[in-house]
Each structure stands twice: as C-alpha cells, then as structure tokens.
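> this one's sequence-less:
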C-alpha cells in the first residue's frame, strides 16, 4: 500500500507557519503593544532613579509607548499589502 504524498512534511509546515500572515500579525501586535510600552516603562524607571521629581516618568513613557505602538500598528494595518 502506497502512502499519499498530498500531505506536507513537518518541516514544510513550520516554514509555512513562520511565513503566515497570522503569525506576522500576532508578532507585530506583541511587539508594538507589549514590548514598546514595556521598554518605555523601564526607561522611565531609569530616569526616575537618576533624576527624581514630581513627574512619574514610568507612567508617562509607558503611555507614550502604548500610544506609539497602537498608532504604528494602525498604520501598518492600513498599508498596501503589495508594497
């Protein structure tokens, strides 16, 4: 009995998963809405340690990072997929 070769190999599936639009979209969301605000928060912590004051730099840079990430994600979603 011969096996059907219609099913893709496991290595081909992993390559397709890496190149799929959904994984690209989810990665982009994770980076822009998760990592950028986290980086802003950590930078704010550093600024607050070096130059303490009345302004909460952690919160300010966290919100700035979140706004920047959401705007960047929106622009990326509106772009032309062909170019």
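Cool, got the structure. Quantities reported herein were computed from a predicted structural model and do not represent experimental measurements.
> Point out where the chain drops to low pLDDT.
1-20, 80-83 (pLDDT under 70).
> any idea which residue sits dead centre in it?
residue 31 (1.8 Å; C-alpha atoms, centre = their mean).
> Residue 29 contacts residue 74, correct?
No. Assessed by C-beta atoms under 8 Å, residue 29 is found out of contact with residue 74, at 11.3 Å. No exception for glycine: its C-beta is placed from N, CA and C like everyone else's.
> Let me know the secondary structure of residue 52.
coil (DSSP: H, G, I helix; E, B strand; the rest coil).
> Also residue 55?
coil.
> Pop out the phi and psi values for it.
phi -80, psi 130 (degrees, to the nearest 10).
> And it, how close does it get to residue 61?
Counting by C-beta to C-beta, to the nearest Å, the gap from residue 55 to residue 61 is 10 Å.
> again, but for residue 36
On the measure of C-beta to C-beta, residue 36 and residue 61 end up 10 Å apart.
> now residue 49
13 Å.
> So between these two, which is more surrounded?
Neighbours per residue (other C-beta atoms under 10 Å) separate residue 49 from residue 61, with residue 61 holding more: 22 against 9.
> Please, which helix or strand holds the more buried one?
helix 57-78 (DSSP states H and E).
> in that helix, what's buried?
57, 58, 61, 62, 64, 65, 66, 69, 73 (16 or more other C-beta atoms under 10 Å).
> Same list (those residues) but as JSON lines, adding distance to residue 22.
Shown next, in JSON lines, are the buried residues of helix 57-78 (distance: C-beta to C-beta, whole Å):
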{"residue": "57", "distance to residue 22": "36"}
{"residue": "58", "distance to residue 22": "33"}
{"residue": "61", "distance to residue 22": "30"}
{"residue": "62", "distance to residue 22": "28"}
{"residue": "64", "distance to residue 22": "29"}
{"residue": "65", "distance to residue 22": "24"}
{"residue": "66", "distance to residue 22": "23"}
{"residue": "69", "distance to residue 22": "19"}
{"residue": "73", "distance to residue 22": "15"}
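> Closest one of those to residue 25?
residue 73 (9.3 Å; C-beta to C-beta).
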